[in-house]
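1. with the sequence up front, the predicted model follows.
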Amino acid sequence: ALIRSLIDEMVTNLIETSRDRIARLIEREKIRTAEEFDRRRHRLPGNLVGFSPEGLARYKELKDFVYQNIIHSYPIARRDGKARLVLRSLFFTFASNPRLLPDYVLMRYRDEVGVRYLRDVSLGDVEREIALHYRNRPAFLRILTDHIAGMTDKFALDEFESLSSSYPQRKES
């Protein structure tokens, strides 16, 4: 109920303040039609739609509270850190070894760039093919980035876990 009340108060302030500013502008400029208003849109003041000074102060106070107590909180910072770790790991793992990518990503790269499909390259030529046509190539990095950006959180975490569990873990002594 508290959050709903805050949202209602802020939206009401925004609508009423903006309505009053627009009405004063229309009166001051003697605008009579929607077309006249539309013709002047490029000269409209930047603060025509906005909070009142009191509403703006409340908005800033709420924004500061949210940043201090939620966005910059320990649990959120931990989740952000994990997300960065997962995304960086996926990117660098796939970039260094494109063979770990799904077939459809490799086929897309083949179709867009015109290179050989990596799975068709003979075992002895794979490293050379990757060095020549994949590693640090902007088109490949773009497709790789698009692939990772299209992942859901769960899919990215599953991929990370799958790739991480494929490698032996270092034991602490």
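-> The structure has been received and is ready for your questions.

2. list the backbone torsions phi and psi for the most centrally placed residue in the chain.
-> What sits nearest the mean C-alpha location of the chain, by Cα atoms, centre = their mean, is A149, with 8.3 Å. Phi and psi for A149, reported as degrees, to the nearest 10, are phi -60, psi -30.

3. what separates it from F91, distance-wise?
-> Look at A149 and F91: by Cβ to Cβ, to the nearest Å, they are 10 Å apart. For every residue, glycine as well, the C-beta is placed using N, CA and C.

4. pLDDT weak spots in this protein?
-> Along the chain, the parts satisfying pLDDT under 70 run over 166-173.

5. change it to 90
-> Within the chain, the stretches with pLDDT under 90 are 1-3, 40-43, 165-173.

6. quick one: the helices in it?
-> Secondary structure of the chain (DSSP state H): helices at 2-29, 34-39, 53-66, 74-96, 103-113, 126-133, 138-149, 153-165.

7. mind checking which of these is nearest P45?
-> helix 2-29 (7.5 Å; Cβ to Cβ).

8. what residues of the closest one count as buried?
-> M10, N13, L14, T17, S18, R21 (16 or more other Cβ atoms under 10 Å).

9. wait, L62 touches L6, no?
-> Yes. With contact defined as Cβ atoms under 8 Å, L62 reaches L6; the gap is 6.7 Å.

10. so what's in contact with the two at the same time?
-> Counting by Cβ atoms under 8 Å, 6 or more residues apart in numbering, no residue touches both L62 and L6.

11. one step back: including distance to R40, could the buried residues of helix 2-29 go into TSV?
-> Listed next are the buried residues of helix 2-29 as TSV, based on distance: Cβ to Cβ, whole Å:
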residue	distance to R40
M10	28
N13	25
L14	22
T17	20
S18	16
R21	14
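
12. out of these, the closest to E161 would be?
-> Of the buried residues of helix 2-29, the one sitting nearest to E161 (Cβ to Cβ) turns out to be M10, at 40.9 Å.
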